[in-house]
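# Give me the fold of what follows.
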Amino acid sequence: MLTVQVVAPDGVRWSGNARGVTVPSVSGSLGILPRHEPVAAVLAAGVVRVRPATGDPVEVTVTGGFVVVDDDEVSVLADGTVAPGDA
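Numbering: from 1, shown residues only. Below you'll find the model as predicted:
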């Protein structure tokens with residue numbers, strides 16, 4: 001299980017346990033599952049998709065930023081997020 005935080009300058013957008021995360025990196029889509037190798041990557045504008053441990057998938061549109069993965073912890077540090085309907 002992953003521990004995930006999606007954070008923007010104005011607050012936490014999502015936090016909790018997840019089975020997987022997909023982020024839009026500048027090198028392409030990056031899928032993250034438990035036991036992923038440590039990595040830091042630059043985010044492109046796009047959609048972060050989280051598959052929570054329970055419940056429906058969560059999508060957060062980001063304008064860029066960074067993602068850091070280490071020891072089953074995923075930190076998405078977004079430059080900004082776009083609310084549904086504002087895109």
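
# what's the longest strand seen in the chain packed up against?
The single longest strand within the chain, with elements called by DSSP state E, is strand 11-25. Under the contact criterion of 3 or more CB pairs under 8 Å, 6 or more residues apart in numbering; DSSP states H and E, strand 11-25 touches strand 2-8, strand 28-32, strand 39-43, strand 46-52, strand 58-62, strand 73-78. To be clear about C-beta, it is placed using only N, CA and C from the backbone, and glycine gets the same treatment.

# looking at those strands, which is closest to Arg19?
Evaluated over the helices and strands packed on strand 11-25, closeness to Arg19 peaks at strand 46-52, with 4.6 Å, by CB to CB.

# Also compute the angle for the longest strand of the chain relative to strand 2-8, please.
110 degrees (axes from the mean of the first three to the mean of the last three CA atoms, to 10 degrees).

# looking at this structure, which helix or strand is least sure?
strand 81-82 (a mean of 91; mean pLDDT, DSSP states H and E).

# neighbouring strands for it, and are they parallel or not?
strand 58-62 (antiparallel) (DSSP bridges).

# so the partner strand versus strand 39-43, what angle?
Using the same axes, to 10 degrees: strand 58-62 against strand 39-43 is 60 degrees.

# Please export the C-alpha coordinates of strand 58-62 as CSV.
Extracted C-alpha coordinates of strand 58-62, given in CSV (Å, rounded to 0.1, in the frame of the first residue of the first chain):
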residue,chain,number,x,y,z
VAL,A,58,-9.6,10.4,-7.6
GLU,A,59,-8.4,12.7,-10.3
VAL,A,60,-6.6,16.0,-9.6
THR,A,61,-5.6,18.3,-12.5
VAL,A,62,-2.2,19.9,-11.9
